[in-house]
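structure for the following, please:
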Amino acid sequence: MHTIDLSNDAQKTIAEAPAKLQSEINAAIAHLQTPITGNKKTKNHPGSQTIQVDNFYSIDYLINFDTIRVLNVRKKTDDEKEDSNGLVISYMFLRKLIGICGILLPFALAIAPERVTGYYGLEASISDYYYTSRGDFLVVLLSILGIFLFTYKGYEFKEKLLTRIAALCAFGIAFVPTKARCNDCLFSVHTNSGGVFGNIFGEGIHIIFAAVFFICLGMISIIYFSRTNALSPTTSKNKLTRKSKRNIIYMICGWVMLSCVALLGIYFFIQPDLKNFPVIFVLETIAIWAFGISWLTKGEALLPDKNE
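Okay, here's the model as predicted:
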């Protein structure tokens, strides 16, 4: 039977874990002493092996002759959860798709629409592209984004609720468009009276949909994406963990989204004369890119755990 040797990090994690989790971790560590464990319940990593405690935690360890060195007790990466069916669908891939849709939206709309504008070649806002030759791109991308957000379940009810509200708002932005600012929208397949529900709801509801959309996504990034069960933000070498670095990105992106909503509110209230500078388009684009970066990071397209 092997002797168990716990690292300082592992001892600290176990000591500060809830009682139920402590019991499960200790049981898993004790189970390492049986020879069958290393063959059937672990998978190899460079220089170490991993055993799963439950759907959420893993133990990294090394075997050195008759001693088992427990290196770390940690929360599983999402890739590991998917490998062990800890997640029902590939949330990693879904998060990447959501992020990509967000980042591509301003580009897809701004590339050579068939209408000359007085805003340095841009529309006054992203919503105004509804009445250009890119109107269908706007509706389709927002609808795809709404579907992706609606199918994303998250890890708890409140996160799921916020993503569902954001999904409904994405559909609202697409099908309850802003007020037409062109005298005759010759290059649009849409009428200048609005979209599917334009005559029922109007521009005010469109603005509310857009504001709530970004507020929900900002809260998700700040509150839920940045959550961690790690007891220390640094590694044993006193460097920030990749999760800690991702948390910084989530916080920045979330506050950027909320700040853009606040600045747009101030702009609509004060209505300063900034000539033809497309203030609304710029702030909306910044908010959308912050949203896209946040979700790409959550999908570990940036700073993935597996490369740490």
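
quick check: residue 304 vs residue 297, distance?
10 Å (C-beta to C-beta, to the nearest Å). Every C-beta, even on glycine, is put in place using the N, C-alpha and C of the backbone.

likewise residue 250?
7 Å.

could you tell me which residues touch both of these two?
residue 225 (C-beta atoms under 8 Å, 6 or more residues apart in numbering).

give me the below-cutoff pLDDT ranges for the stretch 51-200 of the chain.
52, 54-56, 64-66, 76-91, 112-121, 180-200 (pLDDT under 70).

ranges for the helices of it?
For the stretch 51-200 of the chain, helices defined by DSSP state H, counting those that start in this stretch occupy the ranges 78-83, 91-110, 135-151, 157-175.

show me what residue 3 is bridged to.
residue 67 (DSSP bridges).

my guess is it contacts residue 63. True?
No. Assessed by C-beta atoms under 8 Å, residue 3 is found out of contact with residue 63, at 10.8 Å.

still on that earlier bit, so between residue 304 and residue 297, which is more surrounded?
Set residue 304 next to residue 297 and count neighbours by other C-beta atoms under 10 Å: residue 297 wins out with 24 against 16.

that one and residue 246 touch, don't they?
Yes. Judged on C-beta under 8 Å, residue 297 makes contact with residue 246 at a distance of 5.3 Å.

between these two, what contacts are shared?
Common neighbours of residue 297 and residue 246 (C-beta under 8 Å, 6+ apart) are 225, 303.

re the thing from before, make a markdown table from the helices of the stretch 51-200 of the chain and add mean neighbour count and distance to residue 241 to it.
Shown next, in a markdown table, are these (neighbours: other C-beta atoms under 10 Å; distance: least, C-beta to C-beta, whole Å):
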| stretch | mean neighbour count | distance to residue 241 |
| --- | --- | --- |
| helix 78-83 | 17 | 15 |
| helix 91-110 | 19 | 18 |
| helix 135-151 | 19 | 28 |
| helix 157-175 | 19 | 22 |
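
can I get the ones you listed in TSV including distance to residue 292?
TSV is the format used below for the helices of the stretch 51-200 of the chain (distance: least, C-beta to C-beta, whole Å):
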stretch	distance to residue 292
helix 78-83	18
helix 91-110	3
helix 135-151	10
helix 157-175	13
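
what about the strands in the protein?
Along the chain, the segments classed as strands by DSSP state E run 3-6, 42-45, 48-52, 57-64, 67-75.

and those strands: which comes nearest residue 20?
strand 57-64 (11.5 Å; C-beta to C-beta).
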